[in-house]
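Asks: Fold the following.
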Amino acid sequence: MPAEAGVHPMRFSYVYILASKKYGTLYVGVTSDLIKRIWQHKNEVVEGFTSKYGISKLVYYETHEDINEAIKREKQIKKWKRSWKTRLIEEMNLNWDDLYESLF
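Replies: So this is what the prediction gives:
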């Protein structure tokens, strides 16, 4: 059944953390298409910090219904001490496994 005029299907936004390896270099980002964005990181589509340092392992992500809330959360996490980010990752992913394949 088509969506009513002005009604859009739920679209999520994601805050994610990539790592080069367990306890390696971290990158915090935000996106509205997590699978596509992580694929871009893994395939070094965009030159920058993650491609320069080989950061492509998805070790943490969270889902938000509002892009503005996701952006706010990304900025918050970026300001955190490294130990806080490590704790956040390990609450979801103790072994720092690459979670990318689990998205499918």
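
Asks: Glu65 - nearest residue in space that isn't next to it in sequence?
Replies: Distances taken as CB to CB, 6 or more residues apart in numbering put Phe12 closest to Glu65, at 6.3 Å, once the chain neighbours are dropped. From N, CA and C alone the C-beta is placed, and that goes for glycine too.

Asks: Check Ile17 too.
Replies: Going by CB to CB, 6+ apart, Ile17 has Tyr60 as its nearest residue, at 4.0 Å.

Asks: Am I right that the one you found sits in a strand?
Replies: Yes. Residue assignment for Tyr60, taken from DSSP: H, G, I helix; E, B strand; the rest coil, places it within a strand.

Asks: now the residue nearest to Glu65: how far from Asn43?
Replies: Separation of Phe12 from Asn43 (CB to CB, to the nearest Å) stands at 23 Å.

Asks: And Val15, by the same measure?
Replies: In this structure, Val15 and Asn43 are 21 Å apart, going by CB to CB.
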